[in-house]
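A.B. asks: I'll drop the sequence and a predicted model, then ask my questions.
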Amino acid sequence: QQPVQSPQAVILREGEDAVINCSSSKALYSVHWYRQKHGEAPVFLMILLKGGEQKGHEKISASFNEKKQQSSLYLTASQLSYSGTYFCGTVSTSGTYKYIFGTGTRLKVLA
Amino acid sequence: EAGVAQSPRYKIIEKRQSVAFWCNPISGHATLYWYQQILGQGPKLLIQFQNNGVVDDSQLPKDRFSAERLKGVDSTLKIQPAKLEDSAVYLCASSRDPTGELFFGEGSRLTVL
């Protein structure tokens, strides 16, 4: 039931790109992306509502394929500050609008 | 705009004792969530309220956990009796509606000895 994210962990050098995927077994109303740094609460990055919609936030963008129930987060020219754990948050269309988080992807950016 | 307030920030108890966490959401936010986050894992939804009604509590261990949101504003999560495996950070979050962005409190870190 919990959305599955891939990869589980990734290590990058500054300036490199990364893609994080989120896949749900349920039909989704929306997908949200969060970044959490160690010892802190998750911080909202962006929300995607429509099939195929793509949004951007600085050098971070995301897409949402409503039909496949999948979303991808794109990190371009990564910076040290991008390090942390990324979670997708999903709202399903199954009536209750229950909000659950994915399994998480740990990202480490090295200088 | 004030953020989500949680207390206490830290709590250490022995197993079989009880503990309560309090959360005050952002004013006007109808939806309130309690998540349990064990180190290295993603937040696990314990209970989701819409105003003062329960939307989902399917993963709340009801034999020991209880939560209420009186008057549709602040909320309390209680654990009684606590077990070692309850050691985690308990995150409270709120949103304007069930489909919107979640705003998190700083979390309450529980250690059960």
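C.D. replies: Right, received. Where do you want to start?

A.B. asks: shaky segments in chain B?
C.D. replies: B:1 (pLDDT under 70).

A.B. asks: near chain A, which residues of it?
C.D. replies: B:33, B:35, B:41-45, B:48, B:55-56, B:91, B:95, B:98-107 (Cβ under 8 Å from any Cβ of the partner chain). No exception for glycine: its C-beta is placed from N, CA and C like everyone else's.

A.B. asks: hmm, try it at 10 Å
C.D. replies: B:3-4, B:6, B:31, B:33, B:35, B:37, B:39-45, B:48, B:50, B:54-56, B:58-59, B:89, B:91-93, B:95, B:97-107, B:109 (Cβ under 10 Å from any Cβ of the partner chain).

A.B. asks: ok, then the element right after the helix or strand bottoming out on mean pLDDT in chain A?
C.D. replies: None of the helices or strands of chain A scores lower by mean pLDDT, DSSP states H and E than strand A:53-57, at a mean of 63. Per DSSP states H and E, the first helix or strand lying C-terminal to strand A:53-57 is strand A:60-65.

A.B. asks: Quickly list what residue A:110 is bridged to.
C.D. replies: Following DSSP bridges, residue A:110 is listed with bridge partners residue A:13.

A.B. asks: Quick check: it vs residue B:18, distance?
C.D. replies: Using Cβ to Cβ, to the nearest Å, residue A:110 is found at 45 Å from residue B:18.

A.B. asks: Skipping adjacent residues, who's closest to the residue nearest to the spatial centre of chain B in space?
C.D. replies: By Cα atoms, centre = their mean, chain B has its centre lying nearest to residue B:34, at 3.1 Å. Spatial nearest neighbour of residue B:34, chain neighbours left out: residue B:46 (4.5 Å); criterion: Cβ to Cβ, 6 or more residues apart in numbering or on different chains.

A.B. asks: wait, the one you found sits on residue B:56?
C.D. replies: Yes - between residue B:46 and residue B:56 there is a contact under Cβ atoms under 10 Å: 9.3 Å.

A.B. asks: Spell out which residues are contacts of both of the two.
C.D. replies: residue B:33 (Cβ atoms under 10 Å, 6 or more residues apart in numbering or on different chains).

A.B. asks: Doesn't the residue nearest to the centre of chain B belong to a strand?
C.D. replies: Yes - assessed with DSSP: H, G, I helix; E, B strand; the rest coil, residue B:34 lies in a strand.

A.B. asks: wait, it sits on residue B:22?
C.D. replies: No - assessed by Cβ under 10 Å, residue B:34 is found out of contact with residue B:22, at 11.0 Å.

A.B. asks: Find residues that contact each of these two.
C.D. replies: Going by Cβ under 10 Å, 6+ apart, residues that sit against residue B:34 and also against residue B:22 are B:75-77, B:92, B:108.

A.B. asks: Next, count neighbours for the residue nearest to residue A:64 when sequence neighbours are not counted.
C.D. replies: Once flanking residues are discounted, residue A:64 sits nearest to residue A:48: 3.7 Å by Cβ to Cβ, 6+ apart. Number of residues near residue A:48 (other Cβ atoms under 10 Å in any protein chain shown) recorded here: 23.

A.B. asks: how near is residue A:48 to residue B:56?
C.D. replies: 22 Å.
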